[in-house]
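In: Quick one: sequence plus predicted model below, questions after.
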Amino acid sequence: MATTHSAHRSQSAARATDTGHQAWASGLTAFAAVMLGLAGLVSVFRGIMAIAEDDVFVTTPNYIFKLDLTSWGWIHLILGAVAIVISIGLYKTALWARVAGVTIAALVILANFLSLPYYPVWSVLMIAMSGFIIWALYSVDDGTP
């Protein structure tokens, strides 16, 4: 009698742990979706500002990765638009969106690192935000071995 009682208790404890784990995983996915959407939106606005050749950006004379400000604008605009689309996929918890989210966040880190001299404070903030996105997407365990 005691063995069936303890077996029943361990099954209910396992279900409670699985429920808590699923809530944690869905919370991290929602966090990544919101952060990726915000990063994409900001990248779109940053791209528009650079394409319009706004006076917000600093010009650096001897930067090794020198591109025209309009070129950087198009890069950020395209990355931002793709990030917004992927964040919508993350709301639906699609596996392709998790893989693409890590990829686009890594590309956002690379683009912001390369455009660091043009807008340094915002680039560092976007690098950190993208790092948190990658962490959140890698921390989610979908239960596959």
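Out: Looks like it came in fine.
In: just for this structure, where's the confidence low?
Out: 1-26, 54-61, 63-66, 141-145 (pLDDT under 70).
In: can you pull out the helices in it?
Out: Secondary structure of the chain (DSSP state H): helices at 2-51, 69-91, 95-114, 120-139.
In: Kindly reformat the ones you listed as JSON lines and extend each row with distance to residue 62 and mean neighbour count.
Out: The C-beta positions use only the backbone N, C-alpha and C, and glycine is treated the same way. Below are the helices of the chain laid out as JSON lines (distance: least, CB to CB, whole Å; neighbours: other CB atoms under 10 Å):
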{"stretch": "helix 2-51", "distance to residue 62": "20", "mean neighbour count": "15"}
{"stretch": "helix 69-91", "distance to residue 62": "16", "mean neighbour count": "19"}
{"stretch": "helix 95-114", "distance to residue 62": "15", "mean neighbour count": "19"}
{"stretch": "helix 120-139", "distance to residue 62": "16", "mean neighbour count": "17"}
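In: phi, psi of residue 93?
Out: For residue 93, the backbone dihedrals (degrees, to the nearest 10) come out as phi 50, psi 40.
In: quick one: it and residue 28 touch, right?
Out: No. Checked against CB atoms under 8 Å, the pair residue 93 and residue 28 is beyond contact range at 10.6 Å.
In: Can you give me the distance of the residue nearest to residue 133 when sequence neighbours are not counted to residue 27?
Out: Nearest non-adjacent residue to residue 133, counting by CB to CB, 6 or more residues apart in numbering: residue 105, 4.4 Å away. Separation of residue 105 from residue 27 (CB to CB, to the nearest Å) stands at 18 Å.
In: just residue 128 next, same as before
Out: 20 Å.
In: ditto for residue 72
Out: Computed with CB to CB, the distance linking residue 72 and residue 27 is 34 Å.
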